[in-house]
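Asks: Need coordinates for the below:
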Amino acid sequence: MTKSVLVPVADGSEEIEVVAVVDLLRRAGAEVTVAAVSEQHEVTMSRGVKLVADALLADLAEQAFDLIVLPGGMPGAERLRDSRPLTIMLHDQAASDRSLAAICAAPAVVLQHHGLLAGRRATCHPQFSPELDADVHSSDRVVVDGNLVTSRGPGTALEFALALVALLYDEQTARAVAAPLLLPE
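Replies: You can find the predicted model right below:
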């Protein structure tokens, strides 16, 4: 069954976190929509890479997704945090017990800020760890807590994306997607 995934982006989002997630989830068979939180499709990522979003978030506000994935990067994460339509979608996602994921600054800057980590374990970029509540914080590279997946940053982007494949599908699908990425033993 095809799974639907939303990856919201903003000027300043971290490109490797966006592209790794989109690429590996699409390889697994997910229908991934990259949506700009701004009023234009073209987004300038944190390292100057220009990305053209599939849609504008405002046009998707009433749509439900199996998974919403928040990339980090600054000030991209702040722009995601400040997007009212995205905030509503995130709260609806959590209330409907659908999956959420965030990497780098986004777990602290977006999810913690909006009260979406209560009672959960999460990780984030070490620079933002102090912003996570002590009972939430983990120093693991990727943390899966039920239907919530968080990760530390650009260096963990592939692990994070593979954890999302396993969450949406299964471990076998994640191994199949990872196969060309793994080094021979």
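Asks: ok, now which ones touch the residue lying closest to residue 156 once chain neighbours are set aside?
Replies: Excluding the flanking residues, the one nearest residue 156 by C-beta to C-beta, 6 or more residues apart in numbering is residue 141, at 4.7 Å. From N, CA and C alone the C-beta is placed, and that goes for glycine too. Each residue near residue 141 by C-beta atoms under 8 Å, 6 or more residues apart in numbering is listed here: 123, 151, 152, 156, 159.
Asks: between those, which is nearest residue 174?
Replies: residue 159 (10.3 Å; C-beta to C-beta).
Asks: Could I get the phi/psi values of the residue nearest to residue 156?
Replies: Taking degrees, to the nearest 10, you get phi -70, psi -40 for the backbone angles of residue 141.
Asks: same check, this time on residue 163
Replies: The phi/psi pair for residue 163 (degrees, to the nearest 10) reads phi -60, psi -30.
Asks: Also the one 4 residues further on?
Replies: Recorded main-chain torsions at residue 167 are phi -60, psi -50, according to degrees, to the nearest 10.
Asks: and if you look at residue 5?
Replies: Main-chain dihedrals, residue 5, degrees, to the nearest 10: phi -130, psi 140.
Asks: can you tell me which of the contacts of residue 141 are in strands?
Replies: Judged by DSSP state E, strands contain the following of those: residue 151.
Asks: Can you tell me which of the contacts of residue 141 has the most neighbours?
Replies: residue 151 (32 neighbours; other C-beta atoms under 10 Å).
Asks: Give me the pLDDT for that residue.
Replies: Here the pLDDT value assigned to residue 151 is 98.
Asks: For it, which non-adjacent residue is spatially closest?
Replies: Closest residue in space to residue 151, ignoring its immediate chain neighbours: residue 160 at 3.6 Å, by C-beta to C-beta, 6+ apart.
Asks: For the spatially most central residue of the chain, give the beta-bridge partners.
Replies: Central residue of the chain (C-alpha atoms, centre = their mean): residue 69, 2.5 Å from the mean position. Beta-bridge pairing for residue 69 (DSSP bridges): residue 101.
Asks: can you tell me how far it sits from residue 93?
Replies: 11 Å (C-beta to C-beta, to the nearest Å).
Asks: remind me, longest helix of the protein?
Replies: The single longest helix within the chain, with elements called by DSSP state H, is helix 15-28.
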